[in-house]
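> Here is a sequence with its predicted model. Questions after.
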Amino acid sequence: MSKVINDLFDYDGLKIYQYDDKFKFSLDSILLAEFVELKGNTRTIVDFCTGNAPVPLILSSKTRARVYGFELQKNIYELAKMSVTENNLDSQINIINDNLTNVLNYLLPESVDAVTCNPPYFKYDKNSSLINQDEEKAIARHEIAMTLDELMIAAKYILKNKAPLYLVHRCDRLEEIIDCLGKYNFKIKKIQFIYASYKKEAIMVLIKATKNGKSGSLKVLPPIDILQLKSYKGIFEKSD
């Protein structure tokens with residue numbers, strides 16, 4: 001397993017370290033970073049499950065806000081650190097090698113303007129034959145080290161009142177995600193479905209929810225077919 005450095009899609013000048021056989025940045029992370037709404041008073045953003053840091057890197061091209069990325073796995077954390085240093089962003093992006101459940105060891109309660117997360121998509125069943133035998137891949141794909149509830153709790157601890165949580169996830173867990181957000185008093189403000197063809201089922205969903213937000217203002221944004229796009233930069237600015 002060797003490290004390689006690649007362009008971060010078509011984000012001019014941004015480079016990202018990856019392993020040649022795993023832990024490569026995904027379209028999910030690019031869409032998540034583009035989905036984030038940045039305001040002039042956005043000062044602090046936290047990215048849970050940051051991987052090799054694609055979300056913090058993309059956000060750094062759009063804002064001067066301080067970005068924290070939490071990555072539990074040491075090898076992936078090291079890739080993220082290398083990527084940040086390669087792009088001369090150490091003064092803006094801080095990568096932390098720890099579980100998001102320990103977030104209060106690093107950040108004050110109610111001090112963060114936005115949280116983003118591209119979490120493990122699958123529930124964990126230790127008896128399932130579908131769990132990858134590679135431990136690092138298993139942790140990245142399954143809720144072994146964290147659950148939806150733990151994600152919501154960590155986000156609620158650090159977000160300011162009315163501040164947003166941005167998620168990308170699988171559509172088949174949408175009902176569970178909605179229930180979990182409501183359990184911790186997050187109100188969904190925006191939902192957008194992503195397709196690889198409008199003739200097929202959606203492949204993922206993007207969600208914006210606010211801490212202690214008001215009910216009654218949910219927007220379901222126009223769907224996006226990724227096969228029709230040549231670039232992902234600025235796509236949500238056009239669709240809202």
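On my side now, so go ahead. Numbers count the residues shown, from 1 in each chain.

> which outside residues touch stretch 89-105?
Stretch 89-105 has contacts (Cβ atoms under 8 Å, 6 or more residues apart in numbering) with 46, 48-50, 53, 56-57, 60, 64-72, 74, 77, 80-81, 84, 106, 117, 145-146, 150-151, 153-154, 157-158. Glycine gets a C-beta too; all of them are placed from N, C-alpha and C.

> same deal with stretch 173-186?
Stretch 173-186 is touched from outside by 121, 148-149, 152-153, 155-156, 165, 167, 169, 187-188, 205, 207, 209-213, with contacts defined as Cβ under 8 Å, 6+ apart.

> Produce a PyMOL select command limited to the buried residues of these.
A single PyMOL command selects the buried members of the contacts of stretch 173-186 (16 or more other Cβ atoms under 10 Å):
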select buried, resi 121+148+152+153+155+156+165+167+169+187+188+205+207+209+210+211+213
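
> Now, the contacts of stretch 173-186 that are in helices?
Assignment to helices by DSSP state H places the following of those there: Leu148, Asp149, Met152, Ile153, Ala155, Lys156.

> pretty sure the last one contacts Lys211?
So that's Lys156. Yes - between Lys156 and Lys211 there is a contact under Cβ atoms under 8 Å: 6.0 Å.

> Would you mind checking the average pLDDT for the lengthiest strand in the chain?
Longest strand of the chain, by residue count under DSSP state E: strand 186-195. Averaged across strand 186-195, the pLDDT comes to 96.

> go on, stretch 82-95?
Average pLDDT, stretch 82-95: 97.

> now the end-to-end length of it.
Distance between the boundary residues of stretch 82-95 (Cα to Cα, to the nearest Å) amounts to 10 Å.

> Could you do stretch 159-176 as well?
Stretch 159-176: ends 22 Å apart by Cα to Cα.

> Buried residues of that stretch, list them for me.
Across stretch 159-176, burial judged by 16+ other Cβ under 10 Å covers Leu159, Lys160, Ala163, Pro164, Leu165, Tyr166, Leu167, Val168, His169.

> All the strands of the chain, in order from the start?
Ranges of strands within the chain are 3-7, 15-19, 44-48, 66-70, 93-96, 114-117, 164-169, 186-195, 204-211, 219-220, 224-225, based on DSSP E.
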